[in-house]
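S.K.: A predicted structure for the sequence below; I have some questions about it.
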Amino acid sequence: MGRDDRYTATWSSVPEGHQGAYVIPPLDGPQGRPPRRPGGRRRGLGWFLVVPLIAVVAGALALVVISVVAPAGEEEGFIPASSPPPSPAGAAPESFATIDRDGLAAILADPAAHADEAFTAYAEVLSADVPERDLPAGAAAHIMTLTAAQPATAYESLGSVQAIVVDATGAALAAGEVLVVDVVVADPASTSSYYADAGLDLVRLDAVSFAEIGLYDLTQDVTPGSLRIGDGSAVADIAVRNTADEPMEFAVDLVAVGPDGAEAAWTIAWTPVIAPGETATVEAELVGDVPDGASVLVDDVSRYGQ
């Protein structure tokens, strides 16, 4: 297996569609971890929860589509009348405070207690333009994963915090987009959701603004030291800082590049679990024939929550 092949895998995205049958399309992206160094421990079950969670969301969406097409007690083709929720347009920009991990968890655990509160968070689109009740004319609803820190890998926080985000402008979004969103917590007493009927407990938020930001570049959090080239070996110390808001373990792809610019050796350096805001230094031994004058570069970085 070549160095460029070791992350190749296939995902399936959450299905989309307002009515009728739909097909779950493939979505290429990273899944699982790269090979561990010999003797490494197996950690974290987060990725093993990805497929079951997507299946749960997909099942709930199927029930939602069924309820849109033919709600109980009504003839087929009946579409329930909707009443628009209160508009969040009155929220002033200065009222959108950047939220932390604990504050986000508190809102999503008890939205009624935080109704009409405004905050700013990061959001990854899990499923775009999904059916929902009580939408204003021209609005669109999206299932998003919300985080207080910018995600660095696709679906990094899947299984943590999902919400229905309603955008009154109806702007087109796509699954996988990473945004910064200003949102207002909708009062659960004044809204009705297909997802509650389907048994999926999703907090509803009204978007005031959003902007695409993309994934966080983890290479900026890694500082490689100089190569120490010995008899048949090359070693470098690697400093890794955890800028996430939860403990993370990191896999750092390193390459040794000769004076002529050719790649001479590579390795994957694994860190221990690093607390938020902390830095760990690990020793990495590169595999290959490293010439004098070579330097070490960071090729790629992945991180894994515990």
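M.R.: It's in.
S.K.: where's residue 273 relative to residue 242, distance?
M.R.: From residue 273 across to residue 242, the span is 9 Å (C-beta to C-beta, to the nearest Å). C-beta coordinates here come from the backbone N, C-alpha and C atoms, glycine included.
S.K.: pLDDT-wise, which helix or strand of the protein ranks last?
M.R.: strand 10-12 (a mean of 38; mean pLDDT, DSSP states H and E).
S.K.: what's the end-to-end length of stretch 147-162?
M.R.: Taking C-alpha to C-alpha, to the nearest Å, the first and last residues of stretch 147-162 lie 9 Å apart.
S.K.: hang on, the earlier thing: okay, residue 273 and residue 242: which has more neighbours?
M.R.: Counted by other C-beta atoms under 10 Å, residue 273 and residue 242 do not tie: residue 242 has more neighbours, with 22 against 16.
S.K.: skip the chain neighbours and tell me the closest residue to that one.
M.R.: Distance criterion C-beta to C-beta, 6 or more residues apart in numbering; nearest residue to residue 242, sequence neighbours excluded, is residue 274 at 4.0 Å.
S.K.: and for the one you found, the neighbour number?
M.R.: The number of residues packed near residue 274 is 20, by other C-beta under 10 Å.
S.K.: OK, contacts around it?
M.R.: Applying C-beta atoms under 8 Å, 6 or more residues apart in numbering to residue 274 gives the contacts 240-242, 247-250, 280.
S.K.: please pick the buried ones from these.
M.R.: Buried positions within those, assessed by neighbour count (16 or more other C-beta atoms under 10 Å), are 240-242, 248-250, 280.
S.K.: what about the residues you listed, which are in strands?
M.R.: Taking DSSP state E, the ones among the buried ones among the contacts of residue 274 that sit in strands are 240-241, 248-250, 280.
S.K.: closest one to residue 118 out of those, please.
M.R.: Using C-beta to C-beta, residue 248 is the member of these that lies nearest residue 118, at 28.9 Å.
S.K.: who touches both of residue 273 and residue 242?
M.R.: The contact sets of residue 273 and residue 242 overlap at residue 248 (C-beta under 8 Å, 6+ apart).
S.K.: pLDDT weak spots in the stretch 151-300 of the chain?
M.R.: Applying pLDDT under 70 to the stretch 151-300 of the chain picks out residues 159-160, 232.
S.K.: hey, where'd the helices end up in it?
M.R.: Ranges of helices in the stretch 151-300 of the chain, per DSSP state H, counting those that start in this stretch, are 194-197.
S.K.: for it, which segments count as strands?
M.R.: If DSSP state E, counting those that start in this stretch is used as the criterion, the strands of the stretch 151-300 of the chain fall at 162-167, 178-185, 203-212, 222-224, 228-230, 233-241, 248-257, 263-270, 279-288, 295-305.
S.K.: any chance of those in TSV, with distance to residue 97 too?
M.R.: Below are the strands of the stretch 151-300 of the chain laid out as TSV (distance: least, C-beta to C-beta, whole Å):
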stretch	distance to residue 97
strand 162-167	17
strand 178-185	10
strand 203-212	13
strand 222-224	31
strand 228-230	47
strand 233-241	25
strand 248-257	25
strand 263-270	36
strand 279-288	28
strand 295-305	24
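S.K.: beta partners for the residue nearest to residue 242?
M.R.: Following DSSP bridges, residue 274 is listed with bridge partners residue 248.
S.K.: one more: residue 127?
M.R.: Taking DSSP bridges as the rule, residue 127 bridges to residue 143.
S.K.: against residue 98, how distant is it?
M.R.: Residue 127 is 25 Å from residue 98, where distance means C-beta to C-beta.
S.K.: out of these two, which sits in the busier spot?
M.R.: Set residue 127 next to residue 98 and count neighbours by other C-beta under 10 Å: residue 127 wins out with 21 against 11.
S.K.: surely the more buried one touches residue 143?
M.R.: Yes. The criterion here is C-beta atoms under 8 Å, and residue 127 meets it with residue 143 at 4.4 Å.
S.K.: of the buried ones among the contacts of residue 274, closest to residue 138?
M.R.: Taking the buried ones among the contacts of residue 274 together and measuring to residue 138 by C-beta to C-beta, the closest member is residue 248, at 40.3 Å.
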